[in-house]
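> 3D, please:
(chains A, B, C and D)
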Protein chains: 2
Amino acid sequence: MELTARKKQILKVVTERYIDAAEPVGSKYIAQAMGGAVSSATIRNELADLVELGYLEQPHTSAGRVPSPKGYRLYVNELMEQRAVSDQEASQINAALGGRMRGLDSVIAQAGQMVSSIVSYPAYAVAAGKGAVTVRRFDLLPVDANSFIAVVMTADSRVKSQILRTELPVDAEQLTALANLLNTHFTGVGPEETGEKLMGLTAQLPPELFMPLSLTIEYTREVMDQSAKNQVFTTGQTQLLLQPEFQDPARANELMSLLTDKKADLPVLDENTPMQILIGPENVNEALKDASVVVASYDIGENMRGLIGVVGPTRMDYAAVAARLSYFAESLTKMFGKNNQLPPKEDNIS
Amino acid sequence: MELTARKKQILKVVTERYIDAAEPVGSKYIAQAMGGAVSSATIRNELADLVELGYLEQPHTSAGRVPSPKGYRLYVNELMEQRAVSDQEASQINAALGGRMRGLDSVIAQAGQMVSSIVSYPAYAVAAGKGAVTVRRFDLLPVDANSFIAVVMTADSRVKSQILRTELPVDAEQLTALANLLNTHFTGVGPEETGEKLMGLTAQLPPELFMPLSLTIEYTREVMDQSAKNQVFTTGQTQLLLQPEFQDPARANELMSLLTDKKADLPVLDENTPMQILIGPENVNEALKDASVVVASYDIGENMRGLIGVVGPTRMDYAAVAARLSYFAESLTKMFGKNNQLPPKEDNIS
DNA sequence: TTTAGCACTCAAGGCAAGGGAGTGCTAAAG
DNA sequence: CTTTAGCACTCCCTTGCCTTGAGTGCTAAA
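Residues are numbered from 1 along each chain as shown, chains lettered A, B, ... in the order given. Predicted coordinates for the structure are as follows:
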């Protein structure tokens, strides 16, 4: 059953007013905001209908109305005006993007930070998931008699490196041999299979190479694990404390913990969707049931995608957040597109 | 003017009770806690003196007493019993330390996390400052015609690496030559001097090497900056919200922001001091004026030191925190001392 | 110096009254 | 059938008042 135009307009007024003032909206205000064409009594009749239909809620009998999640949903889908970012906002965003960005992880982390400061809500950033990670290439560089540097480049072109120490001395030739071995047998291999592979190889291996090999493999696994679990970067959690709905420390704490918890599963976005808004109970995660999330994705060269999510109260300013976030994501995509200006592609500061 | 033994005992009782219950302590309670040897009236006389002397404070005329910063200071210096960690706590700490730790940065970050969870307050971790960082060694590994991996090992043995892309193709020999050049001219050089050095060299350089050289130098500077500014890792901020003194969102927000802000200058520790307790106004940082900090340091092989700080309300349980933190720091030092068991020394996951 | 006694102070909680925002309903007007 | 004015009603919130109770400070006696 479709709502009348007037009901929709009322819903819009209520939602926007509530987003702005954070307190229930009364019929008198609405009548006035709609230009005084109808009286508050008429509005009251309409409001009663909207409550009945589930678009609005009433904190208590003699209070004004507040949008329900269903109301927000309708607002976001149909009523909300697609705000363009203002010139001022645009230049703020462009200024933020002006700085050097290098290395996959730090690009992602920085993007999250920028968004958080632009929208004034907490934000999280993560690389869009792909399945398992494999190693594309190994290098072993001798340092001194008992240590060497392992450099591991993964299939998605991140590079990680670390010093490793052995008990027995190893020389440069041995390391070269070992690197060849690794490049022959352990490239393109997922973390699960390394165990068996290692087993198979140790038998036919000169014993002095055993320790460096197993150290390197151990390190490689760490790297793969780390890349696979798609580290989440969260910033701006404190912004939550400024929102009236999180004055209650218990609630604030719940959400903050979720955001701080590295292992938390925050909403992601499936391929091909540029942006998504998740309102209150639409969230799967229990702790987000009365919060909202806006997620957008951007391209970082070489068919990699980054994801940025903004977390706020259901009362959050969807229009503004959506506008800024999508502008930001588009700018990022554009920036990584024209590689001539900045060459970050899929390299990695690590 | 030295306090009488009884005054000290009273101060101790008040402090410990207040730490425990978070509410002002009255004369009756004190009399009873001291075994009923004296009456509450006597205690009241003593309390009046202690207030006069500045060791205690009174929230309002008819309320109990609360330790002042000066009172806490005396308590910490003289009255507090050096608590040993309980067996249970010790095994909890040992369990936490059981996991693999690798790489300077991640060791530091992990240590912070562990402490935070052990003491139930937010914690920050940082490598103890040393001055400028220099590069010990460069390696350049060819990837494809237009890109190579730069591996930079700093004097403090951190290793960082990144893919760099050039516009003109470079081959393996050129990279080797370049690496030699870098190792000859840019090792042991601080970030300020690289500019001049670069200037001096570009003239006598084959032009196709210019871009790879400047890319590498640029990256090197990033690495040096990053190491020099001693990245601070903060964890457990949300623990603050559980403390009664931070129920007020404004106050909570202030401290949380400080802790989250990467650039914040949190208290550090000078060499040779194993642990320090900073109470309320003793803190230089304005935002910490009514909070307390306990900082300890530990050794990470090769004359590197790590720093861990715990931040809490002035009412924090100094005895417990100090005991656990110092036990933890000592365990860490010990762990890095016997290199046989774990070989992390000053390597770096990066 | 200690203690009992007592008047005093002050925060906190309960309660009633008043104000006010906003509603729902009814009955009349369009 | 829709809109509107009018009005009684509901409920939150504030204010002021009172009571309670914890705790104090002071005095006078032990």
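> And DNA strand D, is the helix or strand hosting A:Y29 touching that?
Element membership of A:Y29, judged by DSSP states H and E, is helix A:27-33. No. Using C-beta under 7 Å from any atom of the strand, helix A:27-33 stays clear of DNA strand D, with a minimum separation of 8.0 Å. Any C-beta I mention is one placed from the backbone N, CA and C, and that applies to glycine too.
> Could you pull out the buried residues of that helix?
A:S27, A:Y29, A:I30, A:A31, A:A33 (16 or more other C-beta atoms under 10 Å in any protein chain shown).
> Does the last one touch A:K12 like I think?
Pointing back at A:A33 there. No. Taking contacts as C-beta atoms under 8 Å, A:A33 lies outside contact range of A:K12: 9.7 Å.
> quick one on the thing from earlier: Provide the contact partners of the helix holding A:Y29 at residue level.
A:10, A:13-14, A:17, A:38-44, A:47, A:64 (C-beta atoms under 8 Å, 6 or more residues apart in numbering or on different chains).
> farthest pair in the residues you listed?
Farthest-apart pair in the contacts of helix A:27-33 is A:R17 and A:A41; separation 18.9 Å (C-beta to C-beta).
> Show me which of these two is the more surrounded one.
Neighbours per residue, other C-beta atoms under 10 Å in any protein chain shown: of A:R17 and A:A41, the larger number sits with A:R17, 20 against 10.
> Apart from its neighbours in sequence, what residue is nearest that one?
In space, and not counting its chain neighbours, A:R17 is closest to A:V25: 4.6 Å by C-beta to C-beta, 6 or more residues apart in numbering or on different chains.
> What separation is there between the one you found and DNA strand C?
Between A:V25 and DNA strand C the distance is 7 Å, computed by C-beta to the nearest atom of the strand, to the nearest Å.
> hang on, the earlier thing: format the buried residues of helix A:27-33 as TSV; extra columns: distance to B:M316.
TSV is the format used below for those (distance: C-beta to C-beta, whole Å):
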residue	distance to B:M316
A:S27	51
A:Y29	47
A:I30	50
A:A31	55
A:A33	50
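> tell me, which of those residues make contact with DNA strand C?
A:S27, A:Y29.
> Count the neighbours of whatever residue of chain A ends up closest to DNA strand D for me.
Proximity of chain A to DNA strand D (C-beta to the nearest atom of the strand) peaks at A:S62, 2.7 Å away. Residues lying near A:S62 (other C-beta under 10 Å) number 7.
> How far does the worst-scoring helix or strand of chain A on mean pLDDT sit from its chain's centre?
Lowest on mean pLDDT, DSSP states H and E among the helices and strands of chain A sits helix A:194-202, with a mean of 81. Centre-to-centre, helix A:194-202 and its host chain are 37 Å apart (C-alpha atoms, centre = their mean, to the nearest Å).
> repeat for stretch A:108-122
Worked out by C-alpha atoms, centre = their mean, stretch A:108-122 lies 10 Å from the chain centre.
> List the buried residues in that stretch.
Result for stretch A:108-122 [16+ other C-beta under 10 Å]: buried residues A:108-116, A:118-122.
> Now, those that are in helices?
A:I108, A:A109, A:Q110, A:A111, A:G112, A:Q113, A:M114, A:V115, A:S116, A:I118, A:V119 (DSSP state H).
> which one is the last one nearest to, not counting chain neighbours?
Excluding the flanking residues, the one nearest A:V119 by C-beta to C-beta, 6+ apart is A:V321, at 5.0 Å.
> contacting residues for the one you found?
Neighbouring residues of A:V321 by C-beta under 8 Å, 6+ apart: A:V119, A:Y121, A:V294, A:V310, A:G312.
> picking that back up, identify, from the buried residues of helix A:27-33, the entry nearest to DNA strand C.
Closest to DNA strand C, out of all of these and judged by C-beta to the nearest atom of the strand, is A:S27, at 3.3 Å.
> Now do the same for the residue of chain A most remote from its centre: its pLDDT.
Here chain A reaches farthest from its C-alpha mean at A:P206, the gap being 46.7 Å by C-alpha atoms, centre = their mean. The model reports A:P206 with a pLDDT of 81.
> Next: A:A127.
Reported pLDDT for A:A127: 84.
> Backbone dihedrals for it, please?
phi -80, psi 140 (degrees, to the nearest 10).
> Tell me how many other residues crowd it.
21.
> Surely it is in contact with A:I308?
No. If you go by C-beta under 8 Å, A:A127 and A:I308 don't touch, sitting 10.8 Å apart.
> Low-confidence ranges, chain A, go.
Scanning chain A for pLDDT under 70 picks out A:1, A:100-103, A:129-132, A:229, A:302-303, A:338-350.
> tell me which parts of it are close to DNA strand D?
So far as C-beta under 7 Å from any atom of the strand goes, chain A lies against DNA strand D at A:A37, A:V38, A:S39, A:A41, A:T42, A:N45, A:H60, A:T61, A:S62, A:A63.
> Quick check: the residue farthest from the centre of chain A vs A:N146, distance?
17 Å (C-beta to C-beta, to the nearest Å).
> Could you tell me how many residues sit around A:L181?
A count of nearby residues for A:L181, using other C-beta under 10 Å, gives 17.
> That one sits in which helix or strand?
A:L181 belongs to helix A:172-185, assigned by DSSP H and E.
> Distance to A:T166 and secondary structure added to the contacts of helix A:27-33, as a markdown table?
Formatted as a markdown table, these follow (distance: C-beta to C-beta, whole Å; DSSP: H, G, I helix; E, B strand; the rest coil):
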| residue | distance to A:T166 | secondary structure |
| --- | --- | --- |
| A:I10 | 74 | helix |
| A:V13 | 72 | helix |
| A:V14 | 69 | helix |
| A:R17 | 68 | helix |
| A:V38 | 83 | coil |
| A:S39 | 86 | coil |
| A:S40 | 82 | helix |
| A:A41 | 86 | helix |
| A:T42 | 84 | helix |
| A:I43 | 79 | helix |
| A:R44 | 81 | helix |
| A:L47 | 76 | helix |
| A:G64 | 72 | coil |
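> List only buried entries from those residues.
The neighbour-count test (16+ other C-beta under 10 Å) marks A:I10, A:V13, A:V14, A:R17, A:T42, A:I43, A:R44, A:L47, A:G64 as buried among the contacts of helix A:27-33.
> quick one: A:V107 and A:I300 touch, right?
Yes. A:V107 lies in contact with A:I300 (C-beta under 8 Å); the separation is 6.5 Å.
> just to revisit the earlier point, how about the contacts made by the residue farthest from the centre of chain A?
For A:P206, the contacting residues are A:Q174, by C-beta under 8 Å, 6+ apart.
> do you know how far it is from DNA strand C?
From A:P206 to DNA strand C the distance is 76 Å (C-beta to the nearest atom of the strand).
> any idea which of the buried ones among the contacts of helix A:27-33 is closest to B:V284?
Distance to B:V284, by C-beta to C-beta, is smallest for A:R17 among those, at 45.5 Å.
> Could you tell me whether A:M224 really is in a helix?
Yes. The assignment for A:M224 by DSSP: H, G, I helix; E, B strand; the rest coil puts it in a helix.
> contacting residues for it?
A:A132, A:V133, A:T134, A:V135, A:T154, A:G190, A:P191.
> Who wins on neighbours among those?
A:V135 (24 neighbours).
> Please enumerate the strands of chain A.
All strands of chain A, identified by DSSP state E, fall at A:56-57, A:66-67, A:123-127, A:135-144, A:147-154, A:159-165, A:233-235, A:275-279, A:291-299, A:305-313.
> Serialize the ones you listed to a markdown table and add fields for distance to DNA strand C.
Rendered in a markdown table, the data for those read as follows (distance: least, C-beta to the nearest atom of the strand, whole Å):
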| stretch | distance to DNA strand C |
| --- | --- |
| strand A:56-57 | 9 |
| strand A:66-67 | 10 |
| strand A:123-127 | 33 |
| strand A:135-144 | 62 |
| strand A:147-154 | 58 |
| strand A:159-165 | 55 |
| strand A:233-235 | 36 |
| strand A:275-279 | 23 |
| strand A:291-299 | 24 |
| strand A:305-313 | 20 |
